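*Asks:* pasting the sequence and the predicted coordinates here, then a few questions.
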Amino acid sequence: MNMDLDALGILAPTHRPEDCEPTNAEIEQVLCDRLARVRAELRKRDISAAVLFDPAHVRYATGSRNMQVYSSRNPARYAFVPAEGPVVLFEFSGCEHLAAHLPTIDEIRPAKAISYYFNERNTHAVTEAWADEIDDLIQRQCGGGAKVALESATPQAALVLQERGYQVLDAQEPVEQARAYKVDNEIKMIRSSLRAVENGVHKLEAAIVPGVTENAAWSRLHQHIIETDADFVETRLMNSGPRTNPWFQECSDRCIQAGELVALDTDVVGRYGYYADFSRTFLCGRDEPTRTQKDLYRMAYDQIRTNMENLKPGVSFKEYAERAWQIPPAYKSRRYFALAHGVGMNGEYPYIVHREDIDDKGYDGIIAPGMTFCVESFIGHESGGEGVKLEEQLYVRDDGQVELLSDYPFDARLLG
């Protein structure tokens, strides 16, 4: 069962190959345009260069993919991205050939892995040599400068750059601002990732039968996304029965029983490195759902439906929160932490929190063309019982219209 999008003023998802599969020329242009966005954000802040360690940031700025999960905890590869001048990828030893074809990278050098794991008592000396190399690049290839941006590195890396006279800033701000506004044809990559993951979730749903473990059903999605050239699943958010409430209980070896709800959040870093992020809740077996299960599902459905309709360009984050669907009091304490969040290669800027949380956890901004969002709902009673997780992914287009990107049916039995 699908949502009546015409009534919400939202464009339906597309499955046309020309809308979902970029050409090689379009892919190359996306890489160059993403790099240009990062450079523009650095120039706005008078930053000479950014040194990026986060593998998602490295991939966004350069298109280079290598050992994504490993690199998320080991500072063993990084990219030097100047506001002006040559981009240098510092690649893991022996991997220099992997990115040689990319139009965004001017030079590839072996990385200096700046962590105790690699260097033990030599860590300080290696970090000093790393800083000397970054300093040399800024002075010779960027014309010097006082500000350098850094993220996901070691504390010592920032200190040795400061010792060389640099003001060290957080690179996450300019990169997140760059990523928040999608360039031409980036949406084709996102749609491609979603279409592949949706097919995987169909396989997962078919595996939800009485007696199967949560892990066994969850594994069907993992197998499918690897088959379709995705990267990995970022979380383990699938649970069943009493484990659906409160949310965020990770997938386990529990056997799913007939008549139970099964809730999941995909959180897949999918094709082209783009996040496919939607949530659904299923009913195991062929029995009719209970009245309570239907009520939970209807509330979650109404929440995302209302909040999707409110997603309009020009609306501030605080206005969006004020207009949001009112969660009944008995379900507020277990609400999902965000009403909506940005999405691209991962969950990203902005996060829009509930009206109750704005003063403590929120910030303001404007929903603008080029942004992509996930609209979230979790409904679970404060006293326990089962819960329902639903989520949709949407695109605020340059023409001001809002397009639904995700396209997975809702459970007709649970909607009644």
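*Replies:* Received it, and whenever you're ready, just let me know what you need.

*Asks:* check what contacts stretch 365-375 and list those residues.
*Replies:* 180-182, 187, 190, 277-278, 304, 307-308, 311-317, 320, 339-344, 347, 350, 391-400, 405 (CB atoms under 8 Å, 6 or more residues apart in numbering). C-beta coordinates here come from the backbone N, C-alpha and C atoms, glycine included.

*Asks:* give me the subset of those lying in strands.
*Replies:* Judged by DSSP state E, the contacts of stretch 365-375 include 340-343, 347, 350, 391-396 as members of strands.

*Asks:* using TSV, please lay out those residues together with pLDDT and distance to Leu264.
*Replies:* Listed next are the ones in strands among the contacts of stretch 365-375 as TSV, based on pLDDT from 0 to 100; distance: CB to CB, whole Å:
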residue	pLDDT	distance to Leu264
Ala340	98	19
His341	98	18
Gly342	98	21
Val343	98	17
Gly347	95	16
Pro350	96	24
Glu391	98	10
Glu392	98	14
Gln393	98	15
Leu394	98	19
Tyr395	98	22
Val396	98	26
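
*Asks:* where in the chain is pLDDT low?
*Replies:* By pLDDT under 70, the chain has no low-scoring segment.

*Asks:* can you list the domain ranges for it.
*Replies:* With automatic domain parsing as the criterion, the domains of the chain are listed as 24-180, 185-415.

*Asks:* with adjacent residues omitted, what lies nearest to Gly165?
*Replies:* Ala146 (7.4 Å; CB to CB, 6 or more residues apart in numbering).

*Asks:* what values do phi and psi take at that neighbour?
*Replies:* Per-residue torsions, Ala146: phi -100, psi -20 (degrees, to the nearest 10).

*Asks:* tell me, how many residues neighbour it?
*Replies:* 11 (other CB atoms under 10 Å).

*Asks:* one more: the one 5 residues further on?
*Replies:* Glu151 sits with 20 neighbouring residues when counted by other CB under 10 Å.

*Asks:* separation between it and Met67?
*Replies:* The gap separating Glu151 from Met67 is 18 Å, by CB to CB, to the nearest Å.

*Asks:* buried members of the contacts of stretch 365-375 into PyMOL, please.
*Replies:* Of the contacts of stretch 365-375, the buried ones go into a single PyMOL selection, burial set by 16 or more other CB atoms under 10 Å:
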select buried, resi 180+181+182+187+190+277+278+304+307+308+311+313+315+317+320+339+340+341+342+343+344+350+391+392+393+394+395+396+397+405
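
*Asks:* for the domains of the chain, which one sits closest to Leu8?
*Replies:* domain 185-415 (4.5 Å; CB to CB).

*Asks:* what residues are up against the residue nearest the centre of the chain?
*Replies:* When the chain is reduced to its mean C-alpha position, the nearest residue by CA atoms, centre = their mean turns out to be Asn346, at 1.6 Å. Contacts were defined as CB under 8 Å, 6+ apart; by that measure Asn346 touches 56, 234, 269, 275.

*Asks:* let's see 6 Å
*Replies:* Asn346 makes contacts with 56, 275, as judged by CB atoms under 6 Å, 6 or more residues apart in numbering.

*Asks:* and for Arg65?
*Replies:* Arg65 sits in contact with Arg59, where contact means CB under 6 Å, 6+ apart.

*Asks:* so it: helix, strand or coil?
*Replies:* coil (DSSP: H, G, I helix; E, B strand; the rest coil).

*Asks:* and of the ones in strands among the contacts of stretch 365-375, the nearest to Val168?
*Replies:* Distances from Val168 to the ones in strands among the contacts of stretch 365-375, taken by CB to CB, are shortest for Pro350, at 24.5 Å.
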